[in-house]
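Participant: fold the following and give me the result.
(2 chains)
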Number of protein chains: 2
Amino acid sequence: MSMIVNRRDVDFYLDEMFDLSELLASERYGDHDRDSITAILDLAQQIAEEAFLPCAAELDECEPVFEDGKAITPAVLKTCLETYVQAGLPTATFDAAHGGMQLPILVANFMQGMFQAANAPAVGYVFLTQSNAHMLQACGSQALCDRFLAPLIEGRWFGTMCLSEPHAGSSLSDIRCMAEPKGDGAYKLTGTKMWISGGEQDISENIVHMVLARTPDAPLGVKGISLFLVPKIRVEDDGSLGESNNIALAGLNHKMGQRGTTNTLLNFGEGGECLGYLVGEVNEGLKNMFHMMNEARIGVGMLATMSGLAGYLYSLDYARNRPQGRHPGDKDPNSPMLPIIEHADIRRLLMEQKVAVEGSLALLSYCSQLVDRQLIASDPEESQRLTLLLELLTPVAKSWPSEYTLEANKHAIQILGGYGYTREYPVERLYRDNRLNPIHEGSHGIHGLDLLGRKVNLAGGVTLAIFEEEMQPALEAAAGSESLAAMGEALTGIWKLAEHTIETVNQEADTVTRLSSATPFLDAFGHVVIAWLWLRQALIAQQALQNGAQADTDFYEGKVAACQFFYRYHLPQAAEKLRYVASQDRSVLDTQASWFTGQ
Amino acid sequence: MSMIVNRRDVDFYLDEMFDLSELLASERYGDHDRDSITAILDLAQQIAEEAFLPCAAELDECEPVFEDGKAITPAVLKTCLETYVQAGLPTATFDAAHGGMQLPILVANFMQGMFQAANAPAVGYVFLTQSNAHMLQACGSQALCDRFLAPLIEGRWFGTMCLSEPHAGSSLSDIRCMAEPKGDGAYKLTGTKMWISGGEQDISENIVHMVLARTPDAPLGVKGISLFLVPKIRVEDDGSLGESNNIALAGLNHKMGQRGTTNTLLNFGEGGECLGYLVGEVNEGLKNMFHMMNEARIGVGMLATMSGLAGYLYSLDYARNRPQGRHPGDKDPNSPMLPIIEHADIRRLLMEQKVAVEGSLALLSYCSQLVDRQLIASDPEESQRLTLLLELLTPVAKSWPSEYTLEANKHAIQILGGYGYTREYPVERLYRDNRLNPIHEGSHGIHGLDLLGRKVNLAGGVTLAIFEEEMQPALEAAAGSESLAAMGEALTGIWKLAEHTIETVNQEADTVTRLSSATPFLDAFGHVVIAWLWLRQALIAQQALQNGAQADTDFYEGKVAACQFFYRYHLPQAAEKLRYVASQDRSVLDTQASWFTGQ
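Facilitator: So this is what the prediction gives:
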């Protein structure tokens, strides 16, 4: 059994749930077929298992160090990233016209996910680079693309995103970095950026920073933010590397997890002039940056999910092989000890991981499929429909996996007991790595505000209706199924409750009050989305069982059981959260700062 | 504001909720008065803040190392434990006749808790020693006590508990360590013990291990386990130290957290004869060990709670001082940024911590008070009543804080955002430390089995009735209060639901099925207990507010608000968990090992 992927499950999403064959029939993806997709996934799995997985613990123990203003990374990191680049994997999502593989995003997501499961901090560098290059491609001038795009796509240079500053993380409207026009088209950058992943390293030949900054006359707030491309080393007209661009590494952050990815404090323009180049229009930086952020947000959801999957697979393997104890009631010390998977509570801990991880996989596959459908859509109305769905689901796709696969990693530790609490086993590392995900790319609370404050009311409420349409086929199919009808009804019920909650909340005039329980709403709405996706999985599985699944019987039985557990255990609790949100309780909001301790 | 304790809150539990004055009026505690108690708490707070807190991060980064068969601990650990011992604090809970302070357990719990909040891994050594000495006092022969007790009480020697072996953690019936009688009253110990906290160190002059082992003719299973005192260094008749007792340190475990406490693999009898001395009767080892385990379990609950409290206080302080963003709806970038405590979601994260931490503090104070009431009880019937209450609540007191203050530590990290994810701030360390608590001293799942399989049916169901009696005064008081009546009704309702759940589950004949949802029951039953304790806190607070609380108004308002939040947000979800348990859902239990991945 692989410790990073269940390929049977990947095939389930690709072929049975999200219709890869339809994507492969399109002009955009016509150069691929099912066999070539399998070959790419095989290759990726092999590299992930052989190059990335074995050094994950070492990379965690020997994190990059700060020496003489440089970030020195361990040799194993360089070796595995070199393998990744040499295999041509960084080009996965780029168009063939740019030398890319032009893979369906649905497939690329799994291809890259295997690396996230094997060694997330190592592969973080290339995924940031990919989002960076996508944004450059979408928003940058031809001249900038000509000079910077190819080395990014090839993975010779790495890319970053520079948003936060020490005093301004969630609050981007308060950033202070300055970009002064030099008159020759370039800008002079000054200021400090904080929390920059991969902001400095000794792996790639150059680093291409995407930096949010203000021009001298820019209006205050988010309307005065522009986006700049700022290379670590200046690039000459012929593409060769020139002088240092004066970006000083002021320090490395020492993180709880994700230790292999450097996380940096950067001073732009320290020691000399730092040149930057405008990407897109002046004062439209945040809009452009959202191009990268939305992709990164779904990427964070996948990152969390794959940490969850790695913990699930590891603890499942352990539970099958570790003998300990007997059934309660069996007091015969002569009877052999059972593998712990036979204990009800261990099964529950595994099932909790399964519903979180495979629910998240379904959600991220669905989002990837939406992106692919956008890319091949010819009908503008359909395209707009897909855009709205993605807008609605982005906060959920980032946040639900971040919250609930962290919980899954907690359960993986619990299954290994004392062993799980030691650094000799990977599960505690996965838990530490995963704890980042509710924080970066917009904190959990920020996504709650985005969902309840903006997304559910997008396009005058049409967005919710579109999502409801998406749920219809599953609801209809469930109604015709003896064993799944109750679940379909439960989903209809909680959907009505979610709509009622949104309507109730929308009636509140005061914005602060209206959004005061946005985070519980985010969590509960995520449960509704995941419940729909579990119902879809169960419907497919049940149909397959009725058709005689033979060798796959166990696989499909597992899908149906997981769906049942999610509906019976988790959904009623999510409904209570929605009722709480709808009640507009003020017990937290009215609590004054001095009430917490009385001081 | 102290980062390890809210003394106003401590006074609330001591004076307003758990009637310290009544304990001080007893003969047992008559030598103390309220002023001397305050002085002891002041002294402990000062030592905890000045000696233990400042080196907590260093102890985490520089964990003990294994060199030449020895465990080398950092100098800061030795220094702070020396301070603790020299102040006489190890004697807190021992009788004056043994040179102890004879403090009420209710007080000692808080006194020691401040050290747990400041630096839990450092103080772990002395708390294990205390439980060890209590057990020796209760079960050991006069001769053993004469030789070993005084240095343990004084803190010159440290003590351990040696239960687990590499192949047997939760399943104690399968331990293999052997104890062969030598004929002279001593036993020859052989075998390996795993996960032994403080099993080796270079701090105390000697180590006194309490070891579970089998005698040669012992029956199989738990009925054949005996308890032995096994010193690291042999002790002569005059109390002086003799030769090594041949306990080899085979290795140190490298833990996720709690790094300052060595955790060891020990080989008894490697390199020569290892002598042990029977404690109590042959084959009654587990019963005797429970003396230590029950104390340690409540100790783990307090350990978790204080990690939770330290995270809560730190993140509260941060939230009051960190400016970031503005209210949703306020788009004016000229307006000043708000301290983040003004954001609704940050308040929710603080409130979540408050209900978990102060709910746990109330529970552990209640358990401590029960122990004190036992110690001063003259009526055997009352004593039995208190014993049953403690039996019922021990799994809850260990498990609920372990689960929910870990969640609280997660929220503390979230409040600090990226900063919270770095090792420059204490909250990620507290989270790592706290992750141990659902694992050791009986895993979370084991306590579920203990509660639902045994404790709720103890004494033919009388135990539950006794607990219901304990709840009555609060329920009656709530019925007479306009603002708290709804909460009293909710508590009555969920209590009936809990009783119904137990009755339903009890009707199931098959033990495995009956206990298959024991862990969700444990969590939900814990919520019921905590709900009762929050209602008691709110009743006291409301009465005080009605009487004109003046300077304490904020403190009491906070108690009432927290109670409301717990009842409105958490209790309905706990009710759904109970309904799930009562439904006897088989979706997890029927899931076969091969269904999880289909392989």
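
Participant: beyond the helix or strand where A:V230 lies, next helix or strand please.
Facilitator: If you go by DSSP states H and E, A:V230 is part of strand A:226-231. Later in the chain than strand A:226-231, the nearest helix or strand by DSSP H and E is strand A:233-235.

Participant: what pLDDT, on average, does the helix or strand following that next one get?
Facilitator: Next helix or strand after strand A:233-235 toward the C-terminus (DSSP H and E): strand A:241-244. Regarding strand A:241-244, the rounded mean pLDDT is 97.

Participant: related to what we said a few turns ago, buried set for the strand holding A:V230?
Facilitator: Within strand A:226-231, the residues scored as buried using 16 or more other CB atoms under 10 Å in any protein chain shown are A:S226, A:L227, A:F228, A:L229, A:V230, A:P231. For every residue, glycine as well, the C-beta is placed using N, CA and C.

Participant: what is it packed up against?
Facilitator: helix A:142-154, strand A:186-197, strand A:207-213, strand A:275-278, helix A:285-321 (3 or more CB pairs under 8 Å, 6 or more residues apart in numbering or on different chains; DSSP states H and E).

Participant: show me the contacts for A:A138.
Facilitator: Taking CB atoms under 8 Å, 6 or more residues apart in numbering or on different chains as the criterion, A:A138 is in contact with A:N288, A:H291.

Participant: can you tell me how far it is from A:Q112?
Facilitator: Per CB to CB, to the nearest Å, A:A138 is found 19 Å from A:Q112.

Participant: repeat for A:A490
Facilitator: Applying CB to CB to A:A490 and A:Q112 gives a distance of 34 Å.

Participant: what does the stretch 351-500 of chain A put close to chain B?
Facilitator: Proximity of the stretch 351-500 of chain A to chain B, by CB under 8 Å from any CB of the partner chain, involves residues A:351, A:354, A:406, A:410, A:413-414, A:417-418, A:420-424, A:428, A:431-432, A:435-436, A:438-440, A:443-445, A:448-449, A:453.

Participant: ChimeraX command for the buried members of those?
Facilitator: A single ChimeraX command is used to select the members of these judged buried by 16+ other CB under 10 Å:
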select /A:351,354,406,410,413,414,417,418,420,421,422,423,428,431,432,435,436,438,439,440,443,444,445,448,449,453
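
Participant: please narrow the residues of the stretch 351-500 of chain A next to chain B to those residing in helices.
Facilitator: A:351, A:354, A:406, A:410, A:413-414, A:417-418, A:420, A:428, A:431-432, A:444-445, A:448-449, A:453 (DSSP state H).

Participant: SS state for A:L589?
Facilitator: Of the three states, A:L589 takes coil according to DSSP: H, G, I helix; E, B strand; the rest coil.

Participant: verify the contact between it and A:V512 for me.
Facilitator: Yes: assessed by CB atoms under 8 Å, A:L589 is found in contact with A:V512 at 7.3 Å.

Participant: pLDDT weak spots in the stretch 151-300 of chain A?
Facilitator: Along the stretch 151-300 of chain A, no part satisfies pLDDT under 70.

Participant: for chain B, what's the nearest residue on it?
Facilitator: Per CB to the nearest CB, A:G221 is where the stretch 151-300 of chain A lies closest to chain B, at 3.1 Å.

Participant: quick check: closest non-adjacent residue to that residue.
Facilitator: Spatial nearest neighbour of A:G221, excluding adjacent residues (CB to CB, 6 or more residues apart in numbering or on different chains): B:P333 at 3.1 Å.

Participant: kindly report the same for A:M487.
Facilitator: In space, A:M487 comes closest to A:Y567 once its chain neighbours are excluded; the distance is 4.8 Å by CB to CB, 6+ apart.

Participant: ok, A:S171 - contacts?
Facilitator: By CB under 8 Å, 6+ apart, A:S171 lies in contact with B:Q324, B:G325, B:R326, B:M337.

Participant: select only the buried ones of these in ChimeraX?
Facilitator: A single ChimeraX command suffices to select whichever of the contacts of A:S171 are buried according to 16+ other CB under 10 Å:
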select /B:324,325,326,337
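
Participant: of the contacts of A:S171, which are in range of chain A?
Facilitator: The residues of these that also fall near chain A, by CB under 8 Å from any CB, are B:Q324, B:G325, B:R326, B:M337.

Participant: what strand or helix carries A:T261?
Facilitator: Per DSSP H and E, there is no helix or strand for A:T261.

Participant: the residue of the stretch 151-300 of chain A closest to chain B and A:S164, how far apart?
Facilitator: Using CB to CB, A:G221 is found at 16 Å from A:S164.

Participant: just want to know which of those two has more residues nearby.
Facilitator: Each of A:G221 and A:S164 has its neighbours counted (other CB atoms under 10 Å in any protein chain shown); A:S164 has more, 21 against 18.

Participant: number of residues surrounding A:Q507?
Facilitator: Number of residues near A:Q507 (other CB under 10 Å) recorded here: 9.

Participant: what about the one helix or strand A:D42 maps to, near chain B?
Facilitator: Applying DSSP H and E as the criterion places A:D42 in helix A:34-47. No: Helix A:34-47 does not reach chain B (CB under 8 Å from any CB); its nearest approach is 15.0 Å.

Participant: got it, and stretch A:124-137?
Facilitator: No: using CB under 8 Å from any CB, stretch A:124-137 stays clear of chain B, with a minimum separation of 14.3 Å.

Participant: then that stretch to PDB, C-alphas only?
Facilitator: What follows is stretch A:124-137 as a C-alpha-only set of coordinates in PDB (Å, rounded to 0.1, in the frame of the first residue of the first chain):
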ATOM      1  CA  GLY A 124       6.000  24.300  -1.900                       C
ATOM      2  CA  TYR A 125       8.600  26.200  -3.800                       C
ATOM      3  CA  VAL A 126       7.500  24.900  -7.200                       C
ATOM      4  CA  PHE A 127       3.800  25.300  -6.600                       C
ATOM      5  CA  LEU A 128       4.300  28.900  -5.600                       C
ATOM      6  CA  THR A 129       6.300  29.400  -8.800                       C
ATOM      7  CA  GLN A 130       3.500  27.900 -10.800                       C
ATOM      8  CA  SER A 131       0.900  30.300  -9.400                       C
ATOM      9  CA  ASN A 132       3.300  33.100  -9.800                       C
ATOM     10  CA  ALA A 133       3.800  32.300 -13.500                       C
ATOM     11  CA  HIS A 134       0.100  31.900 -14.100                       C
ATOM     12  CA  MET A 135      -0.500  35.400 -12.800                       C
ATOM     13  CA  LEU A 136       2.300  36.800 -14.900                       C
ATOM     14  CA  GLN A 137       0.900  35.100 -17.900                       C
END
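
Participant: if we can go back for a sec, let me see the contact set for the residue of the stretch 151-300 of chain A closest to chain B.
Facilitator: Residues near A:G221 by CB under 8 Å, 6+ apart: A:S173, B:K331, B:D332, B:P333.

Participant: between the residues you listed, which is closest to B:Q116?
Facilitator: A:S173 (41.5 Å; CB to CB).

Participant: check for me that the closest one belongs to a helix.
Facilitator: Yes: A:S173 forms part of a helix when assessed by three-state DSSP.

Participant: wait, it sits on B:D332?
Facilitator: No: the criterion here is CB under 8 Å, and A:S173 misses it with B:D332 at 9.6 Å.

Participant: so for the two, which sits in the more crowded spot?
Facilitator: Each of A:S173 and B:D332 has its neighbours counted (other CB under 10 Å); A:S173 has more, 18 against 10.

Participant: need the contact list for that one.
Facilitator: By CB under 8 Å, 6+ apart, the contact set of A:S173 is A:L220, A:G221, A:V222, A:I225, B:P333.

Participant: select from the residues you listed the one having the most neighbours.
Facilitator: Neighbour max across the contacts of A:S173 (other CB under 10 Å) = A:I225, 26 neighbours.

Participant: against A:L212, how distant is the residue nearest to that one when sequence neighbours are not counted?
Facilitator: Residue nearest to A:I225 in three dimensions, not counting chain neighbours: A:G285, with 4.2 Å by CB to CB, 6+ apart. Going from A:G285 to A:L212 by CB to CB gives 5 Å.

Participant: so A:Q599: helix, strand or coil?
Facilitator: Assignment for A:Q599 (three-state DSSP): coil.

Participant: show me the contacts for it.
Facilitator: By CB under 8 Å, 6+ apart, A:Q599 lies in contact with B:M1, B:N6, B:R8, B:D554, B:F555.
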